[in-house]
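Asker: this one's structure only:
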């Protein structure tokens, strides 16, 4: 077997991985946002009301986030390539079946559950691969990759509307199915990294496969420390050759053979040890509040604009502004937080972006004209793109790169239930109050609560570090104090001895 030339991180094939992640976000997040364009057609064809058709969008979004740990599981046990290609096949088949359905209930399964499951298998593994190829410019890489959601929404929304007018909703879904099948191509391009030992020698034969992908498929190599290598080995799948398993698992071969079936189907405890980290627990609570508030402006901005007398064209233009500025926030905030002066303060930058989003939502009910809503769309879109680009980066900084796949699965899993229930709750508030003020206040309060929780956790950790450094400094000084006293005493004795010798010499 011949190895290719060692390619450095932060470049090379890594930019192909960024392009694949960009395309995956277009095919998953942007397509999910465009599902609402079909609602009018579904209502006319099936004779359903808005609430019944809105469940399709909720099911796609919820299933994508709810099954995110499944994507992490498949990526860890087999490979990210297998997960993305399988997800592309499932999501394409889901949209294909949806184009032939004759009932709304069938759409719930084909378009909501099956397509959402395919998106879940693609989304998390691709995001993790970016972290494997980038270290110094990780935030910039994530900013470019995650901008696919905004660019895809900006391009696909009018394209899907045109396809519906030309070929009806069935033809549009059929074309979307062919478009989403490109996820299989993106998965094929996700070349795994072969992990080598620190001394430059190859790992043991048991590590000849990383994520159950042979080295024949891998050309990009990188050197990592032995500690990181053992940690990564604990998160990868068990290879088929059981006698050559890594010694990290610490079990005899017969016992591993008996436990192979169980460990292949369920996650090991080592992959989820980050759940006990206080930093991650605080981050998880913050994400729950974030997911409860971030989707409401995207759902209710256009209805709110129409309710205050803004035309349909201007209301739709507000969503276009959100999509375009979202791209700018993805890339520029990712580039800024990669600067040396801001890299240690990524969590603070993330908190600031969420805080600004919350403030924008609180002031929305005061904005009752199109010229006033344009600045809201610009600010909210920019900071939405900023925090979306920083979610994987902040999570990686908290749990570490070896645990990023499982951690992102948990993070996106916690987005599922708020994504499912927050839009209906916002609609219920509109029905109760007759206006959108309470809905935007709910969104702003949830976002501010998210920023407050993470700020509190970061402040506690900062105080803990200061206290720990102060205690260590005191203990260090106390250890050195007796040594300083003894040296001083020896010096005094030496000086007095010299004085006695000089006085004797003068007398003689």
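Answerer: Happy to help now that I have it. Note that the structure is predicted; figures quoted are calculated from it, not measured.

Asker: use CA for all of it now, contacts and neighbours both
Answerer: OK.

Asker: I'd like to know which elements the strand or helix carrying residue 321 is packed against.
Answerer: Assessed by DSSP states H and E, residue 321 sits inside helix 312-336. Helix 312-336 sits against helix 138-146, helix 148-180, helix 296-307, helix 370-399, with contacts defined as 3 or more CA pairs under 8 Å, 6 or more residues apart in numbering; DSSP states H and E.

Asker: Nearest to residue 21, out of those?
Answerer: Residue 21 lies closest, by CA to CA, to one member of these: helix 138-146, at 5.3 Å.

Asker: Which strands and helices lie in contact with the closest one?
Answerer: If contacts are counted by 3+ CA pairs under 8 Å, 6+ apart, helix 138-146 sits against helix 14-25, helix 115-133, helix 312-336, helix 370-399.

Asker: what would these look like in a markdown table with distance to residue 432?
Answerer: Below are the helices and strands packed on helix 138-146 laid out as a markdown table (distance: least, CA to CA, whole Å):
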| stretch | distance to residue 432 |
| --- | --- |
| helix 14-25 | 36 |
| helix 115-133 | 31 |
| helix 312-336 | 24 |
| helix 370-399 | 24 |
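
Asker: would CSV of the ones you listed with mean neighbour count, mean pLDDT and distance to residue 172 be doable?
Answerer: Formatted as CSV, the helices and strands packed on helix 138-146 follow (neighbours: other CA atoms under 10 Å; pLDDT from 0 to 100; distance: least, CA to CA, whole Å):
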stretch, mean neighbour count, mean pLDDT, distance to residue 172
helix 14-25, 24, 91, 19
helix 115-133, 29, 89, 15
helix 312-336, 21, 82, 20
helix 370-399, 21, 88, 28
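
Asker: Looking at those, which is nearest to residue 424?
Answerer: Here helix 115-133 is closest among the helices and strands packed on helix 138-146 (CA to CA), at 19.2 Å.

Asker: For the stretch 401-508 of the chain, which residues score under the pLDDT cut-off?
Answerer: Low-confidence segments of the stretch 401-508 of the chain (pLDDT under 70): 476-508.

Asker: The stretch 201-350 of the chain now?
Answerer: Applying pLDDT under 70 to the stretch 201-350 of the chain flags the ranges 201-271.

Asker: redo that, cut-off 50
Answerer: Scanning the stretch 201-350 of the chain for pLDDT under 50 picks out the ranges 201-267.

Asker: before we move on, the earlier item: now the helices and strands packed on helix 312-336 in JSON lines, please, with extra columns for distance to residue 79.
Answerer: Formatted as JSON lines, the helices and strands packed on helix 312-336 follow (distance: least, CA to CA, whole Å):
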{"stretch": "helix 138-146", "distance to residue 79": "20"}
{"stretch": "helix 148-180", "distance to residue 79": "20"}
{"stretch": "helix 296-307", "distance to residue 79": "34"}
{"stretch": "helix 370-399", "distance to residue 79": "19"}
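
Asker: Out of the ones you listed, which gets nearest to residue 438?
Answerer: helix 296-307 (11.2 Å).

Asker: That closest one to helix 312-336, inter-axis angle?
Answerer: Computed by axes from the mean of the first three to the mean of the last three CA atoms, to 10 degrees, the angle separating helix 296-307 from helix 312-336 equals 150 degrees.

Asker: Remind me what helix 296-307 packs against, helices and strands.
Answerer: Checked by 3+ CA pairs under 8 Å, 6+ apart, helix 296-307 has helix 312-336, helix 404-433, helix 437-507 packed alongside it.

Asker: And those helices: which comes nearest residue 123?
Answerer: The minimum distance between residue 123 and the helices and strands packed on helix 296-307 falls on helix 404-433, with 9.5 Å, by CA to CA.

Asker: Give me the angle between that closest one and helix 370-399.
Answerer: Going by the same axes, to 10 degrees, helix 404-433 makes 150 degrees with helix 370-399.

Asker: Ok, which of the helices and strands packed on helix 312-336 comes nearest residue 93?
Answerer: Of the helices and strands packed on helix 312-336, nearest to residue 93 by CA to CA is helix 148-180, at 7.0 Å.

Asker: Run the chain-centre distance for the closest one.
Answerer: 26 Å (CA atoms, centre = their mean, to the nearest Å).

Asker: Report all helices and strands that it contacts.
Answerer: helix 14-25, helix 31-34, helix 80-98, helix 312-336.

Asker: That one to helix 312-336, inter-axis angle?
Answerer: 110 degrees.

Asker: Tell me the buried residues in helix 148-180?
Answerer: Buried residues in helix 148-180, counted by 16 or more other CA atoms under 10 Å: 148-154, 156-157, 160-161, 163-164, 169-177, 180.

Asker: again with stretch 276-294
Answerer: Buried-residue list, stretch 276-294, by 16+ other CA under 10 Å: 279-280, 282-294.

Asker: which residues touch it?
Answerer: Stretch 276-294 is contacted by residues 274-275, 354, 395, 398-399, 411, 414-415, 418-419, 422, 442-447, 449-451, 453-454, 457-458 when judged by CA atoms under 8 Å, 6 or more residues apart in numbering.

Asker: hmm, try it at 7 Å
Answerer: With contacts defined as CA atoms under 7 Å, 6 or more residues apart in numbering, stretch 276-294 is touched by 275, 398, 411, 414-415, 418-419, 422, 442-444, 446-447, 449-451, 453-454, 457.

Asker: mind checking how far whichever strand or helix holds residue 281 is from the chain centre?
Answerer: According to DSSP H and E, residue 281 maps onto helix 278-294. With CA atoms, centre = their mean as the basis, helix 278-294 stands 13 Å off its chain's centre.

Asker: which one of the helices and strands packed on helix 296-307 lies closest to residue 116?
Answerer: helix 404-433 (11.3 Å).

Asker: That closest one: which residues count as buried?
Answerer: 404-420, 422-424, 426-427, 429-430.

Asker: Give me the angle between that helix and helix 80-98.
Answerer: Put simply, helix 404-433 runs at 30 degrees to helix 80-98, going by the same axes, to 10 degrees.
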